[in-house]
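In: Could you look at this predicted model? Sequence included:
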Amino acid sequence: MRLAAGVATALIAATAPAANAQEAGIELIVDPEPIEAEATGMPGIYVQPSVPEQFRENSGAAGILAQGWSMLGREDLGAKAGSDEYQPRRCKALAGGATGAQNVLDAIAARAVDARVVIINESHEVIRHRDFSRQIIERLRPLGYTVFAAETFQNLTDKPDPVEESAELLYPRSKDGYYLREPVFGELVRTAKRLGFRLAAYEQPFVPASERPTGIDAQIASREQSQAENLAALLATMGPQEKLVVHVGYSHAREIETKRKDGFDTSWMGARLKRMTGIDLLTIAQTKCIGSAEQVRLAQAPEANVRWFDMFVDHPVTTFEHGRSAWRFGNGYEAVDLPAEFQAAGEPLIIEAFAANEPFEAVPVDRVWVSPGEDVKLALKTGRYRVRAVRPTIVPGAD
């Protein structure tokens, strides 16, 4: 295993594991000196979340902040910024619908048996959706689902896509996709690799500003059409018995065609893919219903969204503990103290824990921002981890 420059000595001189980590069978091998963001090779990950000036009066400003904080393991700060993704959005229970994670997964699997394409959406702020998608693909793999496509995967035109380049690796790489840099998304992709899924990119390749259509509706339509065409082409490469899982953000999964009053086609990717292929998609929404019950359940479609999706998963409202989403400390994950030298630091730090057998190019198992005086914990399972601290780029005026 090749180590980044300056790491080997730190590994040899590693600090002792924290007491609570030892009790849980967790060993932390700590690089005691924080490094600068530039030294990681991907400094853009380690930037204090902020809203660009041109968007500060925009209604989506809170969402921009929340998305940034979720990438740094601090959904609590995203909720504090005012994002409505952490507020109840109640839906009625589905008549005879499943309640409890295992029952909901059973119901999804039962529907997926006769489908060829399953599309699951997520909020780019609420990382719980990624963990539930991970559980879904575990249930789908035995049903013949062999290909996992995700909006986040980079789609390149001049060379192999990063997920194809790294297909033989057992771990996901941070450079393989933007949202993939977030550790829970990393675990979703790590699971897909372990289960033997082929990973595939389908996003619209980069389009220079000079070549983009004029107007937001036309730009969205161009992207949706490109995504649908790429997925249709992907399906054409698959064997007749192979099935496809697609992980998307928000409305891309909508499978009902829509038009403006002037006839302009405003359909999202799901509807375009259905039109192109004739395949009856199974679409699963995780973004429309929030907190209608104390445990995950299937819900009725909100009145305004009837028929856009086939199934509506209603997750509990996210609560917070030790600066983290409380659900992170469950299913085998323990709340682990930060190494003492980082707790004592008089500056903000971003703490990362990597599986000891994976290099720093891998997506970490956990990443969390900590400011001086905060009681923040890592979320880790039994195992051996290399831990480092990165000094973030502080954005003037970002609070």
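Out: Alright, I've got the coordinates. Residues are numbered from 1 along each chain as shown.
In: and residue 312, bridged to which residues?
Out: residue 285, residue 299 (DSSP bridges).
In: do the same with residue 354
Out: Per DSSP bridges, the residues bridged to residue 354 are residue 386.
In: what sits against it?
Out: 360, 362, 364-365, 385-388 (C-beta atoms under 8 Å, 6 or more residues apart in numbering). All C-beta atoms are positioned from the backbone trio N, CA, C, and that covers glycine.
In: Now the spatially most central residue of the chain. Nearest residue, chain neighbours left out?
Out: In the chain, the residue lying closest to the centroid (C-alpha atoms, centre = their mean) is residue 185, at 3.7 Å. In this structure, residue 185 finds its nearest non-sequential neighbour in residue 130, 4.8 Å apart by C-beta to C-beta, 6 or more residues apart in numbering.
In: before we move on, the earlier item: just the contacts of residue 354 now: which is nearest residue 91?
Out: residue 365 (33.2 Å; C-beta to C-beta).
In: For that closest one, which non-adjacent residue is closest in space?
Out: residue 353 (5.2 Å).
In: now do residue 149
Out: residue 200 (4.4 Å).
In: Please report which of the contacts of residue 354 has the highest neighbour count.
Out: In terms of neighbours by other C-beta atoms under 10 Å, these top out with residue 387 at 28 neighbours.
In: ok, now which ones touch residue 114?
Out: Applying C-beta under 8 Å, 6+ apart, no residues qualify as near residue 114.
In: Can you give me the pLDDT of the residue located most distally from the centre of the chain?
Out: Each residue of the chain has a distance to the centre, and by C-alpha atoms, centre = their mean the biggest one is for residue 262: 36.1 Å. At residue 262, the predicted lDDT confidence score is 95.
In: any idea how far residue 233 is from the residue nearest to residue 365?
Out: 38 Å (C-beta to C-beta, to the nearest Å).
In: who's more crowded, these two?
Out: residue 353 (26 against 11).
In: Contact partners for residue 288?
Out: Here residue 288 is in contact with 89, 91, 299, 301-302, 305, 309, 312 (C-beta under 8 Å, 6+ apart).
In: Could you look up the SS state of it?
Out: coil (DSSP: H, G, I helix; E, B strand; the rest coil).
In: do you know how far it is from residue 303?
Out: Taking C-beta to C-beta, one finds residue 288 at 11 Å from residue 303.
In: One more: residue 118?
Out: Residue 118 is 25 Å from residue 303, by C-beta to C-beta.
In: again, but for residue 160
Out: Residue 160 is 45 Å from residue 303, by C-beta to C-beta.
In: of the two, who's got more company?
Out: residue 160 (11 against 8).
In: ok, and the more buried one, which helix or strand is that part of?
Out: Secondary-structure assignment from DSSP states H and E places residue 160 in no helical or strand segment.
In: cool, residue 232 as well?
Out: Applying DSSP H and E, one finds residue 232 within helix 216-237.
In: Check which residues of that helix are buried.
Out: Residues of helix 216-237 classed as buried: 221, 223-232, 234-235 (neighbour count, 16 or more other C-beta atoms under 10 Å).
In: which other residues reach it?
Out: Applying C-beta under 8 Å, 6+ apart, the external contacts of helix 216-237 come out as 117, 147, 149, 151, 155, 200-205, 207, 212-213, 244, 246, 252, 260, 264-269, 272-273, 275-277, 279.
In: can you count the residues close to residue 70?
Out: Neighbour count for residue 70, taken as other C-beta under 10 Å: 27.
In: cool, and residue 203?
Out: 22.
In: wait, what's in contact with it?
Out: Residue 203 sits in contact with 151-155, 226-227, 230, where contact means C-beta under 8 Å, 6+ apart.
In: can you check residue 123 too?
Out: Counting by C-beta under 8 Å, 6+ apart, residue 123 has contacts 85, 129, 249-250, 286-287.
In: do that again at 6 Å, thanks
Out: For residue 123, the contact set (C-beta atoms under 6 Å, 6 or more residues apart in numbering) comprises 85, 129, 287.
In: quick one: the residue nearest to residue 25 when sequence neighbours are not counted from residue 27, how far?
Out: Take residue 25 and drop its neighbours on the chain: the residue closest to it by C-beta to C-beta, 6+ apart is residue 382, 4.0 Å away. Distance, residue 382 to residue 27, using C-beta to C-beta: 9 Å.
In: Compare neighbour counts for those two and give me the winner.
Out: Taking other C-beta under 10 Å, residue 382 and residue 27 do not tie; residue 27 has more neighbours (18 against 12).
In: Specify the local secondary structure of that one.
Out: Applying three-state DSSP: residue 27 is strand.
In: Look up which residues are beta-bridged to it.
Out: residue 384.
In: related to what we said a few turns ago, from the contacts of residue 203, which two are the most distant?
Out: Taking C-beta to C-beta, no two of the contacts of residue 203 sit farther apart than 152 and 226, at 15.5 Å.
In: surely residue 171 meets residue 361?
Out: No: using C-beta atoms under 6 Å, residue 171 is not in contact with residue 361, being 8.5 Å away.
In: Residue 105: what's it in contact with?
Out: Contacts of residue 105 (C-beta under 6 Å, 6+ apart): 135, 139.
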